[in-house]
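Student: Provide a 3D model corresponding to the input given below.
(one chain, ligands or ions: 1)
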Amino acid sequence: PQDLERYLAGRTLILLSNREPYEHVRSEDASAEDGIALRRPPGGLVSALDPTMQRTRGTWVAWGSGSADRETAGEDGRLMVPPECPSYTLRRVWLDDADVEGYYLGFANSALWPLCHLLLQHYETRAEHWARYHAVNARFADAVAEEVARAPGDAVVWIQDYHFAAAPAMVRERLAATGQKAFIHQFWHIPFPPPDILRLLPTEAQQGVLRGMLGNDLLEFHTERYAMNFMDCVAALVPDVQMRREHRRIHFEGREVHVGAFPISIDVARYEGLARRAEAARRAEQLRVRYGANGATLGVSVDRIDYTKGIPERLRALDQLFEEAPEMRECLTFLVVATPSRSELASYKALEDEVLASVAAINARWSTPEWTPIVLFHENIGAEELAAIYRAGDLCLVSSLQDGMNLVAKEFVACNVDEQGVLVLSRLTGAAEEIEGAVLINPFNVDGVVAGLREAIAMPQAQRRARMRAMRARLRRATIFDWLASILARVDELAPPAAEPLPR
Ligand code: F6P
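Tutor: Have a look, this model is predicted:
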């Protein structure tokens with residue numbers, strides 16, 4: 001926090017993300033004022049950025065959805081948050097159904113998402129989707145430029161994620177037109193693909209994405225590999241650039257664009273604290289008695305229902321394990337948390353149906369009067385309950401087919417306060433490049449997943465403990481606050497503050 005204080009002195013942060021940090025929703029709840037309740041999204045990103053925004057008193061620009069959001073904001077979409085201690089501005093940008101269809105469900109989630117995750121069978125491209133994405137990015141860029149104009153001190157614009165690939169160049173253009181200055185940077189929360197994959201975008205969209213991202217002064221990815229993929233795409237697809245790969249620097253339109261790896265993390269103390277509560281210990285014990293009695297191994301997995309997470313592949317591996325190792329029957333129970341996500345898209349809905357059908361089929365095939373192999377939590381689970389589930393797990397299986405980082409792996413390690421759990425982790429996650437001590441698997445190779453599960457189940461107690469201790473020690477040194485500090489330190493290095501620190 002001290003470092004953060006130093007990096008933020010004299011600066012005003014203008015943040016742009018698709019999801020908002022405070023959402024107003026209609027509610028029948030008796031405590032809701034005028035039938036409107038406030039929802040705070042549970043994600044780690046908001047929990048790290050919200051206190052930072054409170055300190056810098058900047059502006060967070062995001063998609064305002066629903067009528068309750070409109071009623072609680074001013075005419076210009078602005079309101080002060082958090083409600084209990086108003087200290088920064090939330091600026092909501094309104095999208096209509098056609099915008100959501102083209103920008104969010106369309107280009108962001110049916111083109112960029114599958115391409116970045118290298119899952120081409122889900123890739124769909126439509127001219128209308130790109131046009132909407134471009135138009136919506138332009139509206140967000142307008143809002144950001146307006147907020148920069150209001151900002152006292154040096155403005156730093158920080159853009160989040162693949163929803164806004166086109167926005168950085170647009171923000172730069174608008175600021176240049178009005179003679180304003182700001183440092184512009186972007187964190188890309190998902191993988192970045194190599195050129196052969198990005199080539200699958202129609203030329204206009206492909207150029208719009210790359211040139212849009214080159215509007216940044218600094219681009220942050222989770223891993224060196226994604227950062228290098230971005231540089232390779234620029235080298236292959238954008239004419240007239242020079243680059244110094246060894247310096248992670250691109251010379252474009254007379255400016256330098258810096259690129260770097262900044263692996264994201266979680267609020268480790270918060271998860272650990274949740275898992276250490278007496279209530280979590282009780283709940284974990286209850287789960288163990290109910291599902292892991294008589295020394296049975298308790299496996300856990302936690303995901304949004306998304307085709308990148310390898311949920312059907314994981315279920316196939318469990319089915320095969322019970323088939324080829326009869327001694328595992330009644331000795332391994334899996335708690336599968338699978339939360340519905342992006343259900344408006346046909347591919348997500350179809351996946352949800354497939355997961356439900358596979359779980360039912362496996363349970364019908366192997367259940368005995370005393371034992372059900374898979375216990376499905378098909379819902380959104382709060383952080384307290386999640387921490388108890390992680391604490392109860394003897395092993396956690398992350399089988400993503402491709403994943404920018406995968407925070408579930410880190411959450412499991414933070415919550416495994418009894419230090420007896422084994423992490424079985426897909427090699428195809430950013431986390432696998434950082435975490436040492438997991439059993440690594442390739443989710444496409446079902447035989448290998450089965451072997452990894454058997455290795456984890458058979459791992460001697462002392463080895464489990466040693467590995468988990470080492471993973472926990474390392475995680476404590478790399479929390480989401482360290483991630484944030486390392487990015488702000490890089491911004492500070494590239495653009496030292498010109499203005500005197502503002503009185504807070
Ligand atoms: O970076 C991936 C991401 O957009 C996360 O920010 C978010 O938690 C997750 O995917 C869920 O996505 P959505 O906002 O589409 O529900």
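Student: Could you list the buried residues of stretch 205-212?
Tutor: Under the neighbour-count criterion of 16 or more other Cβ atoms under 10 Å, stretch 205-212 has 205-206, 208-212 buried. Every residue, glycine included, has its C-beta placed from N, CA and C.
Student: Kindly report the same for stretch 138-156.
Tutor: 139-141, 143-148, 151, 153-156.
Student: quick one: average confidence on stretch 117-125?
Tutor: For stretch 117-125, mean pLDDT is 98.
Student: In the stretch 351-500 of the chain, what residue comes closest to the ligand?
Tutor: residue 404 (6.5 Å; Cβ to the nearest ligand atom).
Student: Excluding sequence neighbours, find me the nearest residue to that residue.
Tutor: Closest residue to residue 404 apart from its sequence neighbours, by Cβ to Cβ, 6 or more residues apart in numbering: residue 190 at 4.3 Å.
Student: follow-up on the earlier one: ok, the buried residues of stretch 205-212 vs residue 106, which is closest?
Tutor: Among the buried residues of stretch 205-212, residue 205 lies closest to residue 106 (Cβ to Cβ), at 11.1 Å.
Student: Touching, the closest one and residue 111? I think so.
Tutor: Yes: using Cβ atoms under 8 Å, residue 205 is in contact with residue 111, at 7.2 Å.
Student: which residues are common contacts for these two?
Tutor: By Cβ atoms under 8 Å, 6 or more residues apart in numbering, residue 205 and residue 111 have these common neighbours: 125, 130.
Student: Against the centre of the chain, work out the most remote residue.
Tutor: residue 369 (39.7 Å; Cα atoms, centre = their mean).
Student: what does the stretch 101-250 of the chain put close to the ligand?
Tutor: Listed as neighbours of the ligand in the stretch 101-250 of the chain under the rule Cβ under 6 Å from any ligand atom: 161, 189-190.
Student: If we use 8 Å, what do you get?
Tutor: 104, 108-109, 160-163, 189-190 (Cβ under 8 Å from any ligand atom).
Student: out of those, who has the most neighbours?
Tutor: Of all those, residue 163 has the most neighbours under the rule other Cβ atoms under 10 Å, reaching 26 neighbours.
Student: got the contact list for that one?
Tutor: 17-18, 103-104, 108.
Student: let's go with 10 Å and repeat that
Tutor: Counting by Cβ atoms under 10 Å, 6 or more residues apart in numbering, residue 163 touches 16-19, 62-63, 103-104, 107-109, 112-113, 133, 136-137, 140, 189.
Student: And for residue 255?
Tutor: By Cβ under 10 Å, 6+ apart, residue 255 lies in contact with 172, 214-217.
Student: now, among those, which is nearest to residue 383?
Tutor: Nearest to residue 383 among the contacts of residue 255, with distances taken as Cβ to Cβ, is residue 216, at 32.1 Å.
Student: Tell me how many other residues surround the residue lying closest to residue 470 once chain neighbours are set aside.
Tutor: Leaving aside its sequence neighbours, residue 470 sits nearest to residue 437 (Cβ to Cβ, 6+ apart; 5.1 Å). By the other Cβ under 10 Å criterion, the neighbourhood of residue 437 contains 18 residues.
Student: where does residue 437 fall, helix, sheet strand or coil?
Tutor: coil (DSSP: H, G, I helix; E, B strand; the rest coil).
Student: quick one, what contacts it?
Tutor: By Cβ under 10 Å, 6+ apart, residue 437 lies in contact with 413, 422-423, 425, 463-464, 466-472, 474.
Student: what do you get if the cut-off is 8 Å, keeping everything else the same?
Tutor: 423, 467-468, 470-471.
Student: Look up the closest residue to the residue in the chain that the ligand sits nearest to, ignoring the ones flanking it.
Tutor: Closest contact between the chain and the ligand, by Cβ to the nearest ligand atom, is at residue 189 (3.3 Å). Nearest residue to residue 189, sequence neighbours excluded (Cβ to Cβ, 6+ apart): residue 161, at 4.7 Å.
Student: What ranges in the stretch 1-150 of the chain fall below the confidence cut-off?
Tutor: Low-confidence segments of the stretch 1-150 of the chain (pLDDT under 70): 1-2, 44.
Student: need the helices for it, in chain order.
Tutor: 2-8, 44-56, 67-72, 97-99, 113-116, 127-150 (DSSP state H, counting those that start in this stretch).
Student: picking that back up, my guess is the residue nearest to residue 189 meets residue 192, correct?
Tutor: No: counting by Cβ under 8 Å, residue 161 does not reach residue 192; the two are 11.7 Å apart.
Student: follow-up on the earlier one: same list, the contacts of residue 255, but as a markdown table with secondary structure please.
Tutor: Putting the contacts of residue 255 into a markdown table (three-state DSSP) gives the following:
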| residue | secondary structure |
| --- | --- |
| 172 | helix |
| 214 | coil |
| 215 | coil |
| 216 | coil |
| 217 | coil |
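Student: where do the helices sit along the stretch 251-400 of the chain?
Tutor: 268-276, 278-291, 311-324, 346-366, 383-392.
Student: Can you tell me which of these is most buried?
Tutor: helix 383-392 (a mean of 22; mean count of other Cβ atoms under 10 Å).
Student: Output that one as CSV, nothing but the C-alphas.
Tutor: C-alpha atoms of helix 383-392 as CSV (Å, rounded to 0.1, in the frame of the first residue of the first chain):
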residue,chain,number,x,y,z
ALA,A,383,-16.8,-16.6,-1.5
GLU,A,384,-17.4,-17.9,2.0
GLU,A,385,-18.9,-21.2,0.8
LEU,A,386,-16.2,-21.5,-1.9
ALA,A,387,-13.4,-21.1,0.6
ALA,A,388,-14.9,-24.0,2.7
ILE,A,389,-15.2,-26.2,-0.5
TYR,A,390,-11.5,-25.5,-1.3
ARG,A,391,-10.5,-26.2,2.3
ALA,A,392,-12.3,-29.5,2.2
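Student: Please give me every residue in contact with the residue nearest to residue 189.
Tutor: Here residue 161 is in contact with 17-18, 186-190 (Cβ under 8 Å, 6+ apart).
Student: Please repeat the previous calculation with a cut-off of 7 Å.
Tutor: The neighbourhood of residue 161, defined by Cβ atoms under 7 Å, 6 or more residues apart in numbering, consists of 17-18, 188-189.
Student: ditto for residue 175
Tutor: Contacts of residue 175 by Cβ under 7 Å, 6+ apart are 145, 148, 181-182.
Student: Residue 157 belongs to a helix, doesn't it?
Tutor: No: assigned with three-state DSSP, residue 157 falls outside any helix and is strand.
Student: now it, which residues is it bridged with?
Tutor: residue 14, residue 184 (DSSP bridges).
Student: Am I right that it is in contact with residue 168?
Tutor: No: assessed by Cβ atoms under 7 Å, residue 157 is found out of contact with residue 168, at 8.1 Å.
Student: So the two - more neighbours on which side?
Tutor: Counted by other Cβ under 10 Å, residue 157 and residue 168 do not tie: residue 157 has more neighbours, with 30 against 27.
Student: thinking again about what came up before, go through the contacts of residue 255 and name the one nearest residue 333.
Tutor: residue 216 (47.0 Å).
Student: Could you find the closest non-adjacent residue to that closest one?
Tutor: Per Cβ to Cβ, 6+ apart, closest to residue 216 is residue 168, 4.5 Å.
Student: Likewise for residue 285?
Tutor: Closest to residue 285 by Cβ to Cβ, 6+ apart is residue 392, at 7.7 Å.
Student: same deal with residue 330?
Tutor: Counting by Cβ to Cβ, 6+ apart, the residue nearest residue 330 is residue 371, at 4.6 Å.
Student: okay but the residue of the stretch 351-500 of the chain closest to the ligand is in contact with residue 191, surely?
Tutor: Yes: using Cβ under 7 Å, residue 404 is in contact with residue 191, at 5.1 Å.
Student: what helix or strand is the residue nearest the centre of the chain on?
Tutor: Central residue of the chain (Cα atoms, centre = their mean): residue 189, 5.8 Å from the mean position. Residue 189 is part of no helix or strand when elements are defined by DSSP states H and E.
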